[in-house]
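# predicted coordinates and the sequence they were generated for:
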Amino acid sequence: MALTATNGMWMTEECKRSFMEMKWKKVHRYIVFKIEEKSQKVAVDKVGAAGESYDDLTASLPEDDCRYAVFDFDYVTVDNCRMSKIFFITWSPEGSRIREKMMYATSKSGLRKVLDGVHYELQATDPTEMGFDKIQDRAK
């Protein structure tokens, strides 16, 4: 298992591979990443199939633990062109531990560098801060 260093954390090769599959092959709608504190690794927590929705992504985020997620938002422009924008989401709910929030905050920039091709970034502490309307507004 190859690893990439990101600000003190190691990112598994599966993270990069899954992201590239989402970005280029469109086989995933979203990917949820989590930090494994003991091993100091960022790993894939869940992968959403191409047919899954944004609601499936938000439902898969824990209420009291932080996560990172990427979401591939497909839409059609007013000119009838199919477009796709990738969102990077930092999920840091109010109920998560302070230490966990700090780990996710300090590791974010390293992970973002590895995930080349993200168009927009969102940070959310509750579901309303990452509602689908926010995704739609930012992408268009």
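Structure's in. What do you need? None of the values given here were measured: they were computed from a predicted structure.
# contacts, neighbours, all on C-alpha from now
Fine.
# how about residue 83, what does it touch?
Residue 83 sits next to 74, 75, 76, 77 when contact means C-alpha atoms under 8 Å, 6 or more residues apart in numbering.
# for it, which residues make a bridge with it?
Applying DSSP bridges to residue 83 gives these bridge partners: residue 75.
# that one and residue 50, how far apart?
Separation of residue 83 from residue 50 (C-alpha to C-alpha, to the nearest Å): 15 Å.
# give me the three-state assignment for the nearest residue to residue 129 once chain neighbours are set aside.
Ranked by C-alpha to C-alpha, 6 or more residues apart in numbering and with sequence neighbours excluded, the top spatial neighbour of residue 129 is residue 123, at 7.4 Å. Taking DSSP: H, G, I helix; E, B strand; the rest coil as the rule, one finds residue 123 in the strand state.
# from what I see, residue 123 and residue 87 are in contact.
No - counting by C-alpha atoms under 8 Å, residue 87 is not a contact partner of residue 123; they are 10.4 Å apart.
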